[in-house]
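1. Just need the structure, nothing else, for what follows:
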Amino acid sequence: MSRFATEGKKIVAIGRNYAAHIKELNNSTPVEPFFFLKPTSSYVLNNGPVEIPRGVTVHHEVELGVVIGKPGRNIPKGKAFEHIAGYCLAVDYTARNVQDAAKAKGLPWSAAKGFDTFCPVGDFIPASEVVDPHALELWYKINNETKQHASTELMLYKIDALIEHCSSIMSFEEGDLLLTGTPAGVGQIKAGDQITAGLQQGGKDIATMRHVVIGRDGGYEFKG
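-> Sure, this is the predicted structure:
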């Protein structure tokens, strides 16, 4: 499953799974796990550039990714971890002004999450190397300034509950990626920014990521 970013079929992304993040965006707390999909064409590997489309305000959301290794449908919580091959560090980039405009009109906001390069991922981490996925630390820096830093223990819905819920709606396939939500501290990135991010276990980085932010030539332009 180390090639999940080239062989996986979908990215299932959980929204509003950290209380402080819900508060900072003035959103309501979901009564059950809430998710959306990102296309696999949004993947970019470590050290690859992240593009900002014209007229778009892009926000960072660092997350723990769960790589599915065993397909399943209607997976009960008690068997959820049997379907996990491993984990990865990931960032769910969001076109915030595109999303806000779509929400205001009651329209879907797939475009806000689905631009090329909007899902950078780090190296695959085998499940055997993670003692407790709910005791990891996520961090994200812009130009060496920390913007996000929080523990995965703050998830409102834990990983087994997320897998149970999502698989009751759509089957998980080998290589799929489940993004588990972002903690507080989201904010804007701009062309020229140098991004670093990491995932810590026991105070030590077990994964790091680096990329530069550039402006995208051509393509979509947001005009409000």
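2. Name the next helix or strand downstream of the worst-scoring helix or strand of the chain on mean pLDDT, please.
-> Using mean pLDDT, DSSP states H and E, the weakest-scoring helix or strand in the chain turns out to be helix 19-24, at a mean of 91. With elements assigned by DSSP states H and E, the helix or strand that comes after helix 19-24 is strand 34-38.
3. Buried residues in that next one, which are they?
-> Within strand 34-38, the residues scored as buried using 16 or more other Cβ atoms under 10 Å are 34-36, 38. All C-beta spots, glycine's among them, are computed from the backbone N, C-alpha and C.
4. got it, and stretch 194-209?
-> For stretch 194-209, using 16+ other Cβ under 10 Å, the buried residues are 195, 197-201, 206-207, 209.
5. can you check stretch 171-185 too?
-> Buried, per 16+ other Cβ under 10 Å, within stretch 171-185: 172, 174-185.
6. First-to-last residue distance for that stretch?
-> 32 Å (Cα to Cα, to the nearest Å).
7. coming back round to it: among the buried residues of stretch 171-185, which lie within helices?
-> Among these, DSSP state H puts none in helices.
8. hang on, the earlier thing: rank the buried residues of strand 34-38 by pLDDT and give me only the lowest.
-> Among those, Phe34 carries the weakest pLDDT, at 93.
9. residue contacts, that one?
-> 14-16 (Cβ atoms under 8 Å, 6 or more residues apart in numbering).
10. Among these, which one is most surrounded by other residues?
-> With neighbours taken as other Cβ atoms under 10 Å, the top of those is Ile14, carrying 26 neighbours.
11. Hmm, that residue is touching Leu179, no?
-> Yes. Using Cβ atoms under 8 Å, Ile14 is in contact with Leu179, at 6.1 Å.
12. The buried residues of stretch 171-185 in strands, which ones?
-> 177-179 (DSSP state E).
13. Leu25: neighbouring residues, count only.
-> Going by other Cβ under 10 Å, the residues that sit close to Leu25 add up to 13.
14. repeat for the one 4 residues further on
-> By other Cβ under 10 Å, the residues close to Thr29 number 11.
15. Contacts only, for the nearest residue to it once chain neighbours are set aside.
-> With Cβ to Cβ, 6 or more residues apart in numbering as the measure, Ile22 is the residue that lies nearest to Thr29, at 5.6 Å, once sequence neighbours are left out. Contacts of Ile22 were listed using Cβ under 8 Å, 6+ apart, and they are 16, 28-29.
16. now do Lys105
-> Lys105 neighbours (Cβ under 8 Å, 6+ apart): none.
17. quick revisit: now, the buried residues of stretch 194-209 that are in helices?
-> Per DSSP H, the buried residues of stretch 194-209 never map to helices.
18. I'd like to know which of these is nearest to Thr6.
-> Met209 (17.0 Å; Cβ to Cβ).
19. Show me the beta-bridge partners of the closest one.
-> Ala197 (DSSP bridges).
20. same deal with Val58?
-> So, taking DSSP bridges as the rule, Val58 has Ala95, Ile189 as bridge partners.
21. Can you give me the neighbour number for it?
-> 25.
22. Please list all residues in contact with it.
-> 50, 52, 93-96, 188-189, 213.
23. Could you provide the buried residues of stretch 171-185 in JSON lines, with additional columns for distance to Asp132 and pLDDT?
-> Below are these laid out as JSON lines (distance: Cβ to Cβ, whole Å; pLDDT from 0 to 100):
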{"residue": "Phe172", "distance to Asp132": "21", "pLDDT": "98"}
{"residue": "Glu174", "distance to Asp132": "24", "pLDDT": "97"}
{"residue": "Gly175", "distance to Asp132": "24", "pLDDT": "98"}
{"residue": "Asp176", "distance to Asp132": "22", "pLDDT": "98"}
{"residue": "Leu177", "distance to Asp132": "20", "pLDDT": "98"}
{"residue": "Leu178", "distance to Asp132": "17", "pLDDT": "98"}
{"residue": "Leu179", "distance to Asp132": "19", "pLDDT": "98"}
{"residue": "Thr180", "distance to Asp132": "14", "pLDDT": "98"}
{"residue": "Gly181", "distance to Asp132": "17", "pLDDT": "97"}
{"residue": "Thr182", "distance to Asp132": "19", "pLDDT": "97"}
{"residue": "Pro183", "distance to Asp132": "17", "pLDDT": "97"}
{"residue": "Ala184", "distance to Asp132": "22", "pLDDT": "96"}
{"residue": "Gly185", "distance to Asp132": "23", "pLDDT": "97"}
